[in-house]
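Enquirer: A structural model of the following input is requested.
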Amino acid sequence: MVGLESVSGSVQAGLTVGTVLAEAIALYLAYGALSETVGASVLDALGGD
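Expert: Take a look at the predicted model:
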């Protein structure tokens with residue numbers, strides 16, 4: 001990790017969980033924004049409803 005070797009195990013675990021949660025939220029928001037912007041045009045190009 002990035003200089004977190006000096007913190008205790010439980011703090012390090014909490015930071016890891018927080019980092020993974022933040023990444024999941026960012027990916028969820030990015031996927032939602034991407035599907036909103038290009039979803040309709042992709043469906044039209046594929047001949048979907």
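Enquirer: Could you use CA atoms for every contact and neighbour count after this?
Expert: Noted.
Enquirer: residues near E36, how many?
Expert: 11 (other C-alpha atoms under 10 Å).
Enquirer: secondary structure element for it?
Expert: helix 9-46 (DSSP states H and E).
Enquirer: If we go by neighbour counts, what in that helix is buried?
Expert: The neighbour-count check on helix 9-46 (16 or more other C-alpha atoms under 10 Å) flags nothing as buried.
Enquirer: Report all helices and strands that it contacts.
Expert: With contacts defined as 3 or more C-alpha pairs under 8 Å, 6 or more residues apart in numbering; DSSP states H and E, helix 9-46 has no helix or strand neighbours.
Enquirer: now that helix: mean pLDDT?
Expert: The predicted model gives helix 9-46 an average pLDDT of 93.
Enquirer: And A24, how far from S10?
Expert: According to C-alpha to C-alpha, to the nearest Å, A24 and S10 sit 21 Å apart.
Enquirer: Check V17 too.
Expert: Distance, V17 to S10, by C-alpha to C-alpha: 10 Å.
Enquirer: center of the protein, which residue is that?
Expert: L27 (2.3 Å; C-alpha atoms, centre = their mean).
Enquirer: If anything else comes up later, I'll come back, but that's it for now.
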